[in-house]
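Student: Build me a model:
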Amino acid sequence: MTRTLFDDALQRGLRVPTSCRSTGRCRECVVEIHDGLEHLSPPTPVERFLRPPYRLACQAAVDDPDAEVSFSVLRRRLRIVAPEVDADPGPIDPVVRLVDGVVHYGDTPVEPLRGGVYGVAVDLGTTTVVLALVDLLDGRTLEVVALENPQRFGGSDVINRISYDEADGGGELRNAVRRALNRELGELYERQAIDRREVYEIVVVGNATMRDLFFGLDVAPIGQRPYKSISELELIAGQRESTVLTHLAHELGVRANPKARVWGGPLIASHVGADVAADLVAVGLDEPAPGIRMLVDVGTNTEVVLAGNGRILVTSCPAGPAFEGGSVTYGMQAAEGAIESVELDAGGDFVFRTIGDAPPLGLCGSGLIDLLAILGSAGRMTPKGVFTPRADFIDVDAEAGITFSRADGSALAQAKAANTVGQWILLRELGVDPGDVDHLYLAGGFASYVDARNAIDIGFLAPVPIDRIEKVGNASLRGARLLLLSAGARQRLAELIPQIEHVELEMTPDFFELFVDACQFKPLPDRLAGSGLRLRS
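Tutor: From the prediction side, this is the model:
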């Protein structure tokens, strides 16, 4: 009998998504092969959308009964970095309302009340998808679910996804994320004992590429100058009033009431998308306040927002996936078994903690930052990433075979440099020093667990005083939930976005010089004056 990787997964107790009884038609059981690719049967015609090392588990047969093939399922459940429930959601004014027993969308009647009135907030990240089920009558968040974005077979960053989508032409990336969302929604509705027809709105936020892929727009324009979504180009041309996208659920094939609206949040500019717009709402940057406020949303594309002196500046930093599990040999996302914190004991050995206290499988972002910081402070690595004494790699956990190499350090240096330069260029543009920042919001998945002092020590964060740094978790999801619950928040955001100034890092004359210097693992200066980063006159 033919043995497939799907059979192996079942034997190992791995949850592999499927809805076609292993015929290959649903294309949901994508796995990433880590070792043993040579022992698998050739790809079948239904796998033509995949490139090595990705296969469909139900189609990949093992040719040798004794062969070992190492693989992982793309859609792993991840650690949730947003609160599952809200103790006090506060006042709400959702677009979906109940009027005399009839559900309305704004002023438009939808249908008589069936039972409950629910909505779903979705943060569609390049690496992670997080969704929250919300009661639109009282504002309570009933449940939050997080999983890996199943589009990873198309590349680890937005540029690769754009190239893949352009070459594919079959909408595989769009279909993959919609299938994943529908499966999670179906299971979520079952756990909460609600009917999908009780769900009347879904708010989707994400960067421009992720949002547009979900809605089925051509994303090619985002990958070429001027790097703008079709919706943004149409707005500039006067062909639309907003970059907001709205469709009926049945038009997108999303599991909800067929008359439900799927509302794609507005973009800010270029790669600064609806996820950052949601961030602004989540931390209150959509409303004026005194002082200098900064937001750093760390991810595959890190976004930086700086507000003060009557201006709001934003930029997108192409950090890449290194701190989210990509490009690092034993890098991984924040799932069970990931090393999330690292220290040195008195004997100079590594002491670490893993998520779920499980046996170590690799290092997630917070663990990587700790590792870089302690290697530097202990004199075991120079600011340029050279190990002392010289070596190609360092054993982090010899028993588990987890190492950290110079190549890993180089990938992290470039990711860190992109984040760093974005922060510094905005500070310079506004004419302020890090010490002038009154409040720094640190957002994003692994950022919730980052040791801020270690992040500053390696230059990952500008040296804002520690007591002014606040970790705000998945601010994009929180903002999406607020947009789901507040028509007023949507209006404030619509009025704010035209006032925001977008700074293109690559157009800054000294960007390359700043980037090269920022590749070193060392703290940045406290002041711009004398640091080589000249203030504008």
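Student: got the contact list for residue 98?
Tutor: 104, 113, 117, 137 (C-beta atoms under 8 Å, 6 or more residues apart in numbering). In this view, the C-beta of every residue, glycine as well, is placed from N, C-alpha and C.
Student: meant to ask about residue 208, not that
Tutor: Shown in contact with residue 208 (C-beta under 8 Å, 6+ apart): 219, 222, 228, 229, 232, 267, 270, 271, 272, 273, 274.
Student: next one: residue 421
Tutor: Counting by C-beta under 8 Å, 6+ apart, residue 421 makes contact with 317, 505, 511, 514, 515, 518.
Student: Out of those, name the ones that lie in helices.
Tutor: Using DSSP state H, the subset of those located in helices is 511, 514, 515, 518.
Student: Now tabulate these in TSV and tack on distance to residue 68, pLDDT and neighbour count.
Tutor: Output for the ones in helices among the contacts of residue 421, formatted as TSV (distance: C-beta to C-beta, whole Å; pLDDT from 0 to 100; neighbours: other C-beta atoms under 10 Å):
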residue	distance to residue 68	pLDDT	neighbour count
511	47	88	14
514	47	89	20
515	42	90	17
518	42	91	23
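Student: sorry, back to before: who wins for neighbours among the contacts of residue 98?
Tutor: Neighbour counts for these, by other C-beta atoms under 10 Å, peak at residue 117, which reaches 22 neighbours.
Student: thinking it is in contact with residue 96, fair?
Tutor: Yes. Between residue 117 and residue 96 there is a contact at 6.3 Å, judged by C-beta atoms under 8 Å.
Student: Pull up the overlap in contacts between the two.
Tutor: 103, 136, 200.
Student: helix/strand/coil for the last one?
Tutor: Here residue 200 takes the strand state, with states given by DSSP: H, G, I helix; E, B strand; the rest coil.
Student: ok, now how distant is the residue nearest to the spatial centre of the chain from residue 209?
Tutor: With distances taken as C-alpha atoms, centre = their mean, the residue of the chain nearest its centroid is residue 125 (3.5 Å). Residue 125 sits 11 Å away from residue 209, going by C-beta to C-beta, to the nearest Å.
Student: ok, now residue 274?
Tutor: From residue 274 across to residue 209, the span is 11 Å (C-beta to C-beta).
Student: In contact with residue 30, which residues are there?
Tutor: 50, 54, 55, 56, 57, 73, 74, 150, 153, 176.
Student: try it again with 6 Å
Tutor: Contacts for residue 30 (C-beta atoms under 6 Å, 6 or more residues apart in numbering) come out as 54, 74, 153.
Student: Among those residues, which ones are in strands?
Tutor: Under the assignment DSSP state E, these contribute residue 54 to strands.
Student: Of the contacts of residue 30, which is the nearest to residue 456?
Tutor: Here the nearest of these to residue 456, counting by C-beta to C-beta, is residue 74; it sits at 33.7 Å.
Student: Mind jotting down where the strands sit in the stretch 201-350 of the chain?
Tutor: With DSSP state E, counting those that start in this stretch as the criterion, the stretch 201-350 of the chain has strands at 245-248, 261-264, 293-297, 302-308, 311-317, 338-344, 350-354.
Student: does residue 440 belong to a helix or a strand, and which?
Tutor: In the assignment (DSSP states H and E), residue 440 maps to strand 439-443.
Student: before we move on, back to that, reformat the ones in helices among the contacts of residue 421 as JSON lines; add distance to residue 460.
Tutor: Compiled in JSON lines, the ones in helices among the contacts of residue 421 are given as follows (distance: C-beta to C-beta, whole Å):
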{"residue": "511", "distance to residue 460": "18"}
{"residue": "514", "distance to residue 460": "15"}
{"residue": "515", "distance to residue 460": "14"}
{"residue": "518", "distance to residue 460": "10"}
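Student: just those residues now: which is nearest residue 332?
Tutor: residue 518 (25.1 Å).
Student: coming back round to it: pick out the most distant pair among the contacts of residue 208.
Tutor: For the contacts of residue 208, the maximum inter-member distance is 15.3 Å, found between 219 and 272 (C-beta to C-beta).
Student: can I assume residue 342 is in contact with residue 369?
Tutor: No. Residue 342 is not in contact with residue 369 according to C-beta atoms under 6 Å; the separation is 8.9 Å.
Student: Compare the two (neighbour count), which wins?
Tutor: residue 369 (28 against 24).
Student: how about the residue nearest to the centre of the chain, what does it touch?
Tutor: For residue 125, the contact set (C-beta under 6 Å, 6+ apart) is empty.
Student: Pull out the C-alpha coordinates of stretch 193-213 and format them as CSV.
Tutor: Output in CSV follows, covering the C-alpha atoms of stretch 193-213 (Å, rounded to 0.1, in the frame of the first residue of the first chain):
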residue,chain,number,x,y,z
ALA,A,193,-22.4,27.2,18.8
ILE,A,194,-23.4,29.9,16.3
ASP,A,195,-24.7,29.7,12.8
ARG,A,196,-22.6,31.4,10.1
ARG,A,197,-25.7,33.3,9.0
GLU,A,198,-25.5,35.2,12.3
VAL,A,199,-22.2,36.8,11.1
TYR,A,200,-22.9,40.1,9.4
GLU,A,201,-19.6,41.7,8.9
ILE,A,202,-15.9,40.8,8.5
VAL,A,203,-13.2,43.4,8.8
VAL,A,204,-9.9,42.5,7.1
VAL,A,205,-6.7,44.4,7.6
GLY,A,206,-3.2,43.7,6.3
ASN,A,207,-0.4,45.3,4.3
ALA,A,208,-1.4,46.3,0.8
THR,A,209,-0.2,43.0,-0.8
MET,A,210,-1.9,40.7,1.7
ARG,A,211,-5.2,42.7,1.6
ASP,A,212,-5.3,42.9,-2.1
LEU,A,213,-4.5,39.2,-2.6
